[in-house]
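**Q** here are the coordinates; sequence isn't available:
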């Protein structure tokens, strides 16, 4: 919605009301129902449901499995000074990448005015000027020159991750970031990713109370969740 509504698809309240029949039912039935729909709204519900189901499984024992490594930080310490990094979706990991690599590309379909600060001095310009911004993944063949690819988990909703992964054969790291990527690591690994950084909600009751409070505009996702970062072991 809002600035993120690049597909111009409004919320369909009538369709949401039809979902009431799944309240108090097994979430697997809900997921099976949603699989028959391809619109953005239904896909959003589907990804959220898969995440919820996954988080119920991902306890401490699971998170210490041997086929992937639970990293101590989410600071992108695996980046090298000579790396070219491409980020799909201008989001919360920008400051963790910026300054740690040789070239930093960002691909985002939103308007510049929505994602970049406008600076008015002797010259009018957008910042930051040390990041290369693109509107499309195919511009300048940037994936052919990318060592580390980090993709917003929102692409799980619109399905664009599939084409991006196919075009990123030269990438050493194919990562996914954001709270939409909370599903089982095995699923994401099978899709072609080998690095995951996301959040696990640990206070659902307080989160729910705050998001339905119309006067609370200071909600910080980190107050209701714990971060985790995973890398696949070859």
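**A** Perfect, I can see it now. Since we're looking at a predicted model, the values are computed, not measured.
**Q** center of the protein, which residue is that?
**A** residue 153 (2.6 Å; Cα atoms, centre = their mean).
**Q** shouldn't it be in contact with residue 180?
**A** Yes - counting by Cβ atoms under 8 Å, residue 180 is a contact partner of residue 153 at 3.6 Å. All C-beta spots, glycine's among them, are computed from the backbone N, C-alpha and C.
**Q** between the two, what contacts are shared?
**A** Common neighbours of residue 153 and residue 180, using Cβ atoms under 8 Å, 6 or more residues apart in numbering, are residue 47.
**Q** what's near enough to touch residue 100?
**A** 76, 79, 81, 83.
**Q** how is the second one assigned, secondary-structure-wise?
**A** Following DSSP: H, G, I helix; E, B strand; the rest coil, we place residue 79 in the coil state.
**Q** which other helices and strands contact the longest helix belonging to the chain?
**A** Criterion DSSP state H: the longest helix present in the chain is helix 40-55. Here helix 40-55 touches helix 13-18, helix 27-34, helix 155-158, going by 3 or more Cβ pairs under 8 Å, 6 or more residues apart in numbering; DSSP states H and E.
**Q** any idea which helix or strand comes after that helix?
**A** helix 60-63 (DSSP states H and E).
**Q** quick one: secondary structure of the residue located most distally from the centre of the chain?
**A** Using Cα atoms, centre = their mean, the residue of the chain lying farthest from its centre is residue 122. It sits 36.9 Å away. Judged by three-state DSSP, the three-state class of residue 122 is coil.
**Q** give the contact list for residue 154.
**A** Residue 154 neighbours (Cβ under 8 Å, 6+ apart): 4, 89, 178, 180.
**Q** what do you get for residue 31?
**A** Residue 31 neighbours (Cβ under 8 Å, 6+ apart): 46, 49, 50, 53.
**Q** can you map out the strands along the chain?
**A** 68-70, 84-88, 103-107, 118-120, 124-126, 132-134, 148-152, 173-177, 195-201, 225-232 (DSSP state E).
**Q** so where's this structure shaky on pLDDT?
**A** Within the chain, no stretch has pLDDT under 70.
**Q** separation between residue 234 and residue 172?
**A** 11 Å (Cβ to Cβ, to the nearest Å).
**Q** with residue 203 instead?
**A** For residue 203, the distance to residue 172 - Cβ to Cβ - is 36 Å.
**Q** kindly report the same for residue 43.
**A** 29 Å.
**Q** which one of those two is surrounded by more residues?
**A** Between residue 43 and residue 172, residue 43 has the larger neighbour count (other Cβ atoms under 10 Å), namely 17 against 14.
**Q** which one is that one nearest to, not counting chain neighbours?
**A** Excluding the flanking residues, the one nearest residue 43 by Cβ to Cβ, 6 or more residues apart in numbering is residue 157, at 4.7 Å.
**Q** and residue 133, by the same measure?
**A** Residue 133 sits nearest to residue 106 (Cβ to Cβ, 6+ apart), 5.3 Å away.
**Q** residue 172 too?
**A** Closest to residue 172 by Cβ to Cβ, 6+ apart is residue 147, at 5.3 Å.
**Q** next: residue 167.
**A** residue 143 (4.8 Å).
**Q** re earlier: for ChimeraX, write the selection for the buried entries among the contacts of residue 100.
**A** The buried residues among these can be selected in ChimeraX (16 or more other Cβ atoms under 10 Å) with this line:
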select :76,79,83
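**Q** now for the contacts of residue 100: which two are most distant?
**A** The largest separation in the contacts of residue 100, counting by Cβ to Cβ, is between 76 and 81 at 12.5 Å.
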